[in-house]
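Engineer: Give me the fold of what follows.
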Amino acid sequence: MRSALNEALLLGGWLPGGTPLSQLTMRLYDLLTDGDAEGLRAHFERLYASIPHDWVRANPIARYEGYYASVFYSHLASLGLDIVPEEVSNPGQCDLVIRHAGRAWVIEFKVVDGEEPTGEAMRQLKARDYAAKHRGAPGITEVIELGVEFSRAKRQIVGWEVARTP
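Structural biologist: Residues are numbered from 1 along each chain as shown. Here you go, the predicted model:
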């Protein structure tokens with residue numbers, strides 16, 4: 001009985017045409033498969049906008065990069081992809097790397113005080129060249145560097161810079 005319930009939940013959650021949740025999950029998977037960085041941005045903007053105000057109103061957690069990175073990571077981890085948080089390389093640690101469908105998404109997060117992006121996330125990606133270990137790696141045909149900035153005041157994505165290299 002328990003195994004039948006587990007199978008029903010798994011199949012209902014992953015098969016196209018299933019519940020709305022499975023459609024959202026498949027849409028996120030497709031965005032990563034297609035390398036659609038702008039679609040991914042819209043997806044995560046909706047996700048952060050849906051977090052209830054009361055969860056962060058009296059809690060200082062939304063001031064910290066780890067909060068935003070954890071929400072981003074856990075949402076993607078539910079897809080079962082090859083994801084490495086805090087990936088270590090010679091120049092330091094990159095916040096998140098996703099390897100999927102021949103692409104390496106190399107992601108750096110920053111939290112900014114104002115409501116405007118600063119470009120700091122992409123500057124760090126470029127300065128430290130976290131993507132270097134993925135360029136030309138077996139199975140990787142494209143590297144997507146993604147600098148994501150969150151506003152403490154808005155509790156939302158305000159900066160989203162993308163750089164692509166073969």
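
Engineer: contacts and neighbour counts: CA atoms only from here.
Structural biologist: Noted.

Engineer: Three-state assignment for the one residue sitting closest to the centre of the chain, please.
Structural biologist: Closest to where the C-alpha atoms of the chain average out (Cα atoms, centre = their mean) is F72, at 4.6 Å. With DSSP: H, G, I helix; E, B strand; the rest coil as the basis, F72 sits in helix.

Engineer: give the contact list for it.
Structural biologist: F44 (Cα atoms under 8 Å, 6 or more residues apart in numbering).

Engineer: cool, E65 as well?
Structural biologist: E65 touches F109, K110, V111, counting by Cα under 8 Å, 6+ apart.

Engineer: Highest neighbour count among the residues you listed?
Structural biologist: When neighbours are counted by other Cα atoms under 10 Å, V111 leads those with 28 neighbours.

Engineer: Pretty sure it sits in a strand.
Structural biologist: Yes: V111 forms part of a strand when assessed by three-state DSSP.

Engineer: per-residue confidence at the closest residue to it other than its chain neighbours?
Structural biologist: For V111, ignoring the flanking residues on the chain, the nearest one in space by Cα to Cα, 6 or more residues apart in numbering is F150 at 4.7 Å. pLDDT for F150: 95.
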